[in-house]
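1. What shape does this take:
(one chain, ligands or ions: 2)
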Amino acid sequence: MSEGFRAGPLDRDATFYVAGHRGLVGSAIWRTLEAAGFTGLVGATSAELDLTDRAAVFEHLARIRPRYLVLAAAKVGGIMANSTYPVDFLSNNLQIQVNVMDAALEHGVERLLFLGSSCIYPQLAAQPIHEDSLLTGHLEPTNDAYAIAKIAGILQVQAVRRQYGLPWISAMPTNLYGPGDNFSPQGSHLLPALVRRYDEAVRDGLDEVTNWGTGTPRRELMHVDDMAEACLHLLENYDGPQQVNVGTGRDATIREIAEVVAEVTGFQGRTLWDTTKPDGMPQKLLDVSKLAGEGWTARVGLRDGIAATVAWYREHAGDLRE
Ligand SMILES: NC(=O)C1=CN([C@@H]2O[C@H](COP(=O)(O)OP(=O)(O)OC[C@H]3O[C@@H](n4cnc5c(N)ncnc54)[C@H](OP(=O)(O)O)[C@@H]3O)[C@@H](O)[C@H]2O)C=CC1
Ligand SMILES: C[C@H]1O[C@H](OP(=O)(O)OP(=O)(O)OC[C@H]2O[C@@H](n3cnc4c(=O)[nH]c(N)nc43)[C@H](O)[C@@H]2O)[C@@H](O)[C@@H](O)C1=O
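-> Ligands and ions are numbered 1, 2, ... in the order given. From the prediction side, this is the model:
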């Protein structure tokens, strides 16, 4: 165990920097922290502070001097964005992580949570994927650049713990969804893409929609509010060098997930599959026993989470980012 960690509530009045506070994950973490009584939350948009600008990041942290930090800022996208722009996913993410963590070290951030992703694990890892699978095999080629950046982030957290004894930690979430997601048809992840596609089909009276791939891969989807609660729980309870998987422990085929979205949106037509589009990992189900051992399990069921997301999308579709 590193020096300076005591399990228990974080100081509600301390300065707490949520990097990426307007994104899907960062905004959910912000809501969760606010609801838990944190009064010193700080955020900065990418227009206000470009985290790839190293000098600006150091100036920002010197000014705000956070005691706690969640790193939820990253270049993020679905399977097509990842495979089309690997340079951006590697380079931007390495720069953001290294800048934020170096500046956090320089300015004495006590507790830092780095967010990675389940795509760090080998393409053919044994399922459900245990934390010990890291670096035991080849990565999935559709997101290897992003995964390497995220693996470097885990190593940086471990290195800070080893060299400086700070209680920094890493969490690896499964595929997330919820309010404030990126619903752009080409760049988004599966769930927001389906919500938008089926909703538009209902609105436009279409009798067919076409999804990507074969529909046979399996994915574990988690509502982002659950993810945010898990992050606060880990910050208050977990201290170890190994990354912690954050998921529901349940998965479904893409076809089954699409059926739920079709039903919830009221789509009654046919679903076709464009097999020229990539499937990606055949299965990506996290072993969440470590997280359960820390005393936390997910609450939001898939159908309820999708229904809430469809309702949110219908209310906000007019003013979404592309
Ligand atoms: N979405 C998912 O399914 C999953 C996400 N994760 C992880 O969670 C974290 C957050 O992802 P998510 O919320 O989905 O992503 P989003 O794209 O929704 O949000 C990313 C955030 O990062 C900020 N950002 C990006 N680049 C910069 C930059 N150069 N300078 C400053 N800020 C920047 C954006 O700021 P702004 O809005 O101001 O431009 C935005 O708020 C990432 O680390 C990701 O790997 C892990 C697993 C699954
Ligand atoms: C969280 C994780 O997410 C990414 O990995 P992924 O899970 O493969 O990404 P995805 O959500 O985009 O797709 C999941 C599955 O769904 C199928 N699929 C069907 N129809 C659509 C569709 O319309 N859009 C998308 N995006 N996928 C579709 C698609 O063919 C694939 O089989 C990483 O790149 C990386 O970003 C990462 O960390």
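
2. which residue sits closest to the residue of the chain found nearest ligand 1 in space, ignoring its chain neighbours?
-> Of all residues in the chain, the one sitting closest to ligand 1 is residue 23 (2.0 Å; Cβ to the nearest ligand atom). Where C-beta positions appear, they are placed from N, C-alpha and C, glycine not excepted. Nearest residue to residue 23, sequence neighbours excluded (Cβ to Cβ, 6 or more residues apart in numbering): residue 72, at 6.1 Å.

3. Now the phi/psi pair for that neighbour, please.
-> The phi and psi torsions at residue 72 (degrees, to the nearest 10) take the values phi -110, psi 20.

4. burial of it, as a residue count?
-> Residue 72 has 26 neighbours, counted by other Cβ atoms under 10 Å.

5. Now do the contacts for the residue of the chain closest to ligand 1.
-> 72, 73, 76, 180 (Cβ atoms under 8 Å, 6 or more residues apart in numbering).

6. Including secondary structure, distance to ligand 1 and pLDDT, could these go into CSV?
-> Shown next, in CSV, are the contacts of residue 23 (DSSP: H, G, I helix; E, B strand; the rest coil; distance: Cβ to the nearest ligand atom, whole Å; pLDDT from 0 to 100):
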residue, secondary structure, distance to ligand 1, pLDDT
72, coil, 4, 98
73, coil, 4, 98
76, coil, 4, 98
180, coil, 7, 96
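
7. So residue 153 sits against residue 169, correct?
-> No. Residue 153 lies out of contact with residue 169 (Cβ atoms under 8 Å); the separation is 11.5 Å.

8. okay, and the common contacts of the two?
-> residue 114.

9. Just the buried positions in stretch 250-265, please.
-> Neighbour counts over stretch 250-265 (16 or more other Cβ atoms under 10 Å) mark 251, 252, 254, 255, 257, 258, 260, 261, 262, 264, 265 as buried.

10. out of those residues, which are inside strands?
-> Of these, the ones assigned to strands by DSSP state E are residue 252.

11. Tell me the one of the buried residues of stretch 250-265 nearest residue 291?
-> Closest to residue 291 out of these is residue 251 (15.8 Å), distances taken as Cβ to Cβ.

12. Next up, the contacts around the closest residue to ligand 2 within the stretch 51-200 of the chain.
-> At 2.8 Å from ligand 2, residue 78 is the closest residue in the stretch 51-200 of the chain, using Cβ to the nearest ligand atom. Counting by Cβ under 8 Å, 6+ apart, residue 78 touches 187, 188, 189, 190, 193.

13. can you name the two of those residues that are farthest apart?
-> Maximum distance among those (Cβ to Cβ): 12.1 Å, for 187 and 190.

14. More neighbours: those two, which one.
-> residue 190 (22 against 19).

15. could I get stretch 185-197 in PDB with only the CA atoms?
-> Extracted in PDB, the C-alpha atoms of stretch 185-197 (Å, rounded to 0.1, in the frame of the first residue of the first chain):
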ATOM      1  CA  PRO A 185     -22.900   8.500 -36.900                       C
ATOM      2  CA  GLN A 186     -19.300   7.900 -38.000                       C
ATOM      3  CA  GLY A 187     -17.400   8.700 -34.900                       C
ATOM      4  CA  SER A 188     -19.500   7.300 -32.000                       C
ATOM      5  CA  HIS A 189     -19.600   4.100 -30.200                       C
ATOM      6  CA  LEU A 190     -22.200   1.400 -30.700                       C
ATOM      7  CA  LEU A 191     -25.000   2.400 -28.400                       C
ATOM      8  CA  PRO A 192     -25.300   6.100 -29.300                       C
ATOM      9  CA  ALA A 193     -25.000   5.200 -33.000                       C
ATOM     10  CA  LEU A 194     -28.000   2.700 -32.600                       C
ATOM     11  CA  VAL A 195     -30.100   5.200 -30.600                       C
ATOM     12  CA  ARG A 196     -29.700   7.800 -33.300                       C
ATOM     13  CA  ARG A 197     -30.200   5.400 -36.200                       C
END
